[in-house]
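Undergrad: How does the following fold in three dimensions:
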Amino acid sequence: MQQTQSLSSSAPRTPKKASAHGGLQATLGWLWPFWQPLRWRLSFLILVTPLAVLFDVWVPMITRGIFDQLQGSSFTPALLRQQVLLILGLGFLHFAFYLLVQSVRGVTNMHFENAFRMRLSRVMIQLGQTFFYRFRTGDVTTRLIDDISEKKLGWFACSGIFRLYEALLMICGCLFFMTRLNPALTLMTALPLGFTALFYVRSSRRTLHYSEQSQQAISNLNSYLTSTLDGIRVLKAYDQEARASDAFAAVVEQQYHKEVALAKVASLLQLSYSRFAELGMLLIFLAGGWLVIQGHISLGDLIAFNAYIFMLIWPMVDIGQFFIKGRQASVSVERVRELEDYPAEITSAPEALPLPEGPLQLHFERVSYRFERPALQQVSFAARSGETVALAGAIGAGKSLLLDMVPRMLEPQSGQILLNQKPLSAYNLSALRSSMGFVSQTPSLFSASIRENILFGRELDEAALQEALAVAQLEQDLPQFQDGLETLVGQRGVKLSGGQKQRIAIARALIQRPRILILDDCTSALDAETEARFWQALHSFVPGMLVLVVTHRVRTLQRADRIVLLQQGEVLATGHHEELSQQPLYQQLYLS
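TA: Numbers count the residues shown, from 1 in each chain. Predicted coordinates for the structure are as follows:
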C-alpha cells in the first residue's frame, strides 16, 4: 500500500544551487523538449538569421570601395549611385529579414512562457496536500509567474539563445571581412574578446548568487501579500493595519535591496562587455591610423575596420546578456524543477479498477497518521450505502483528517481504507472522486457566478441545477440576488453570507447525485430550521447515498445512523445518539 511521508520534517526545502559550470547546460537540457514541437521555427531562425547578418556585414565592404575609388580618377557619379543603391538594397533586405526574425522570436518567447506555465500547473494539480503543506502559496505563485515570465526564462528560451547565435554570426562575419583587410590589425582588435571570456568566468558565480537571492525575495513578498490579503478582515477587526503595513514595508525593503544588488551586478557586467568592444575601437584608431599614415592600408580600409568595430559592440553586449540571463534562467529552472520533481504521492494504479456498481461499503481498518505528533491512531469503523455516519469529537480529534482520506487527498501512513473489500488505491482515482460530493469545513468559492460555482465546469441540465438548489435550501435566497444565478460572488465569496457560501458548496456537491457524500461541518452557519429542511430533503434526494458528516450540532447527530466518537485521534466509542449520551466526553461536548 502506498504511504505518505511523515510531515514531521516538513519545512520548505531550500532550492538546489545551480553550479557555475553545469547550470547553463542543465538549463538548455531542460528547455530542449519544449523546442522539439517547434522544429520549423528553430529551422527558420537558424537559416534566416545568417542572411540578416550577411546583409548587414556586407555594407562596410561596399563603403570601403566607395572611399577608395573616390581617390582614383575612374570613379563616376553613375558608379556612386550604383553603390549607394546597393547599400540601400542591402539595408532593406536586412530590415525585412531581421523584422521576420524578431517577430518569430517574440512570438516564440510568449509561446514558451505559456508552455512552461501550463506544464507546471498540470504537475501541481496532480500533487497531494503534503506539497501545499511544504510550499507557501506566494512562493508557488512566484515560480508560476515571475520565474518563467517572458522577461526571464521565457525570454532566455528563445531570444536569449538566438541573440547569442546572431551575435556569434555577426562576430564571425566581421572578423572574416576584417581578416581579409588586414590580419594583423584584426588580431590586435580581437584581443578584448579574450578578456571578455576571462571576465565572464570570474563574474558568473556572483551573478548566480544574486539571482537566487532576488528570486527568493520575490517569493517572500508574494507569500506575505497572499497571507495578508487572505486575512484582511481579521487585520481590520484587530486594528492591525499599521503593524501589517510596517511588516510589508520591511519585506518590500528586503526585496528592493536584493533587486538593486542584482541590477548593479548585471549593469556592471553588461557595461564591461561593451567597454571591451570599445577598447578594440580605440586600438583601431591608434594602430589603424598609423598604418594609413604609413601607407600600409587605405583610408577605406580604416573606415571599414571602424564600422566593423561598431558592429561588434552590440554582439558583445548580447553575449554578456546571454550569460547574465543564462545564470538567472538557471536559478529559475532549478526553482521550477523543484516543483516538478516533487513526488505525486497519490496517483491511480497502472491497472486501476472502475468503481463497483451497486451498494458501497467503506471500511476504515486501523488507520493511523501523524504530523509532529500522532493525529490518528488505529481508527476502525464502517459505513454503508444508505447510512449516515457522523464523526464527533473535540477540535483536533482527527475528524476532518479522516474525511480527507476518503477521496484520497491524503493516504493513511498505516492501516488501510477498503471500498467493497478492496483498498481505495486499487480504484481509478478519477472515477473514485467523481463518485463523491465533498463539502469542506471552509467553503471554497471562486471569483465567478453562483451558477459557475455550482456547475464547476460540468455540463448538466437546468433540471439538475434546480434540484440541487432546492435540496441545498438555496432556492429561496435567489430573489435576493440582483442577477440571480449569474450574480458574481467576489473573491472567495466575499459578497455572500456564511450560510449562503455553505449552501452553494452543498449544491455543488449534490448536483451530480454522488454515491458518497462527505460533509465537513458544512451546516454550522445555517439556522436550525434551514438545517432541518436540508436534512429532510437530502434523505429523499438520494436515499441510497453513503453520507459521512462531521458536525457539532446535536440535532444532526440525532439524525445519524451511527456516531463515531473520537478523542485525540482514537475511537473512544461508537453507537447511536442515545447510546452515547451516557459517555462523559459526549455529554461534555454536546449535552452540557
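Undergrad: how close does the most centrally placed residue in the chain sit to residue 33?
TA: Nearest to the geometric centre of the chain sits residue 144, at 2.1 Å (Cα atoms, centre = their mean). Using Cβ to Cβ, to the nearest Å, residue 144 is found at 19 Å from residue 33. All C-beta atoms are positioned from the backbone trio N, CA, C, and that covers glycine.
Undergrad: follow-up on the earlier one: in contact with the residue nearest to the centre of the chain, which residues are there?
TA: Residues in contact with residue 144 (Cβ atoms under 8 Å, 6 or more residues apart in numbering) are 117, 120, 121, 124.
Undergrad: for it, helix, strand, or coil?
TA: Counting by DSSP: H, G, I helix; E, B strand; the rest coil, the backbone at residue 144 sits in helix.
Undergrad: any idea how far it lies from residue 31?
TA: 17 Å.
Undergrad: Output the below-cut-off pLDDT ranges for the stretch 151-300 of the chain.
TA: Across the stretch 151-300 of the chain, the ranges flagged by pLDDT under 70 are 190-208, 229-239, 269-278, 280.
Undergrad: mind listing the helices for it?
TA: All helices of the stretch 151-300 of the chain, identified by DSSP state H, counting those that start in this stretch, fall at 153-155, 161-181, 183-230, 232-237, 241-283, 289-294, 299-340.
Undergrad: Which stretch among those approaches residue 533 most closely?
TA: Evaluated with Cβ to Cβ, the helices of the stretch 151-300 of the chain place helix 232-237 nearest to residue 533, the distance being 29.5 Å.
Undergrad: domain assignment for the chain?
TA: What automatic domain parsing lists as the domains of the chain is 23-340, 361-591.
Undergrad: just so I know, which of these lies nearest residue 353?
TA: Among the domains of the chain, the nearest to residue 353 by Cβ to Cβ is domain 361-591 (5.2 Å).
Undergrad: Start and end of the closest one, how far apart?
TA: The separation between the terminal residues of domain 361-591, taken as Cα to Cα, to the nearest Å, is 31 Å.
Undergrad: mean confidence score for that domain?
TA: Here domain 361-591 scores 87 as its mean pLDDT.
Undergrad: Centre of the chain to that domain, how far?
TA: Relative to its chain's centre, domain 361-591 lies at 31 Å (Cα atoms, centre = their mean, to the nearest Å).
Undergrad: swap in stretch 143-152?
TA: The chain centroid and the centroid of stretch 143-152 are separated by 8 Å under Cα atoms, centre = their mean.
Undergrad: Identify the residues contacting stretch 424-434?
TA: 1-2, 346-349, 352-355, 405-408, 411, 416-419, 512.
Undergrad: Now the terminal residues of stretch 416-434, how far apart.
TA: For stretch 416-434, the first-to-last residue distance is 21 Å (Cα to Cα).
Undergrad: now do stretch 65-81
TA: End-to-end distance for stretch 65-81: 13 Å, by Cα to Cα.
Undergrad: For that stretch, buried residues please.
TA: Along stretch 65-81, these residues count as buried under the neighbour rule (16 or more other Cβ atoms under 10 Å): 65, 66, 68, 69.
Undergrad: what does stretch 506-520 give?
TA: Those would be 506-512, 514-520, for stretch 506-520 by 16+ other Cβ under 10 Å.
Undergrad: For it, list the C-alpha coordinates in PDB.
TA: The C-alpha coordinates for stretch 506-520 follow below in PDB (Å, rounded to 0.1, in the frame of the first residue of the first chain):
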ATOM      1  CA  ILE A 506     -23.600  21.900  -0.800                       C
ATOM      2  CA  ALA A 507     -25.400  22.400  -4.100                       C
ATOM      3  CA  ARG A 508     -22.100  21.900  -6.000                       C
ATOM      4  CA  ALA A 509     -21.600  18.600  -4.100                       C
ATOM      5  CA  LEU A 510     -25.200  17.300  -4.800                       C
ATOM      6  CA  ILE A 511     -25.700  18.300  -8.400                       C
ATOM      7  CA  GLN A 512     -24.300  15.000  -9.800                       C
ATOM      8  CA  ARG A 513     -26.100  12.800  -7.200                       C
ATOM      9  CA  PRO A 514     -22.900  11.400  -5.600                       C
ATOM     10  CA  ARG A 515     -22.800   7.900  -4.300                       C
ATOM     11  CA  ILE A 516     -20.700   9.100  -1.400                       C
ATOM     12  CA  LEU A 517     -21.400  12.500   0.300                       C
ATOM     13  CA  ILE A 518     -18.800  14.000   2.600                       C
ATOM     14  CA  LEU A 519     -19.900  16.900   4.700                       C
ATOM     15  CA  ASP A 520     -17.300  18.500   7.000                       C
END
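Undergrad: Could you list which of the contacts of stretch 424-434 belong to strands?
TA: 416, 417, 418, 419 (DSSP state E).
Undergrad: between those residues, which is closest to residue 371?
TA: Distances from residue 371 to the ones in strands among the contacts of stretch 424-434, taken by Cβ to Cβ, are shortest for residue 417, at 18.8 Å.
Undergrad: so the closest one makes contact with residue 366?
TA: No: contact criterion Cβ atoms under 8 Å: residue 417 and residue 366 do not qualify, at 10.3 Å.
Undergrad: Those two: who's more crowded?
TA: residue 417 (20 against 13; other Cβ atoms under 10 Å).
Undergrad: Excluding chain neighbours, what is closest to the more buried one?
TA: Distances taken as Cβ to Cβ, 6 or more residues apart in numbering put residue 424 closest to residue 417, at 5.0 Å, once the chain neighbours are dropped.
Undergrad: Near the one you found, how many other residues are there?
TA: Counted with other Cβ under 10 Å, the neighbours of residue 424 add up to 20.
Undergrad: who are the neighbours in contact with residue 292?
TA: When contacts are taken as Cβ under 8 Å, 6+ apart, residue 292 is in contact with 298, 299, 301, 302.
Undergrad: Can you report how many residues neighbour the second one?
TA: Counted with other Cβ under 10 Å, residues neighbouring residue 299 total 14.
Undergrad: switch to numbering from 50
TA: With the count now opening at 50, the last piece we talked about shows up as residue 348.
Undergrad: you'd agree it is up against residue 117?
TA: Yes: Residue 348 is within contact range of residue 117, at 7.3 Å (criterion: Cβ under 8 Å).
Undergrad: how would you label residue 446: helix, strand or coil?
TA: Per three-state DSSP, residue 446 ends up coil.
Undergrad: Distance check, it against residue 228.
TA: The gap separating residue 446 from residue 228 is 82 Å, by Cβ to Cβ.
Undergrad: before we move on, what about residue 483?
TA: Distance, residue 483 to residue 228, by Cβ to Cβ: 70 Å.
Undergrad: Residue 132 is in what secondary structure piece?
TA: For residue 132, the element it lies in under DSSP states H and E is helix 126-174.
Undergrad: and that helix, what does it pack onto?
TA: helix 72-84, helix 88-106, helix 108-119, helix 186-194, helix 202-204, helix 210-230, helix 348-389 (3 or more Cβ pairs under 8 Å, 6 or more residues apart in numbering; DSSP states H and E).
Undergrad: export these to a markdown table and tack on distance to residue 501?
TA: A markdown table is the format used below for the helices and strands packed on helix 126-174 (distance: least, Cβ to Cβ, whole Å):
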| stretch | distance to residue 501 |
| --- | --- |
| helix 72-84 | 32 |
| helix 88-106 | 37 |
| helix 108-119 | 59 |
| helix 186-194 | 22 |
| helix 202-204 | 30 |
| helix 210-230 | 41 |
| helix 348-389 | 28 |
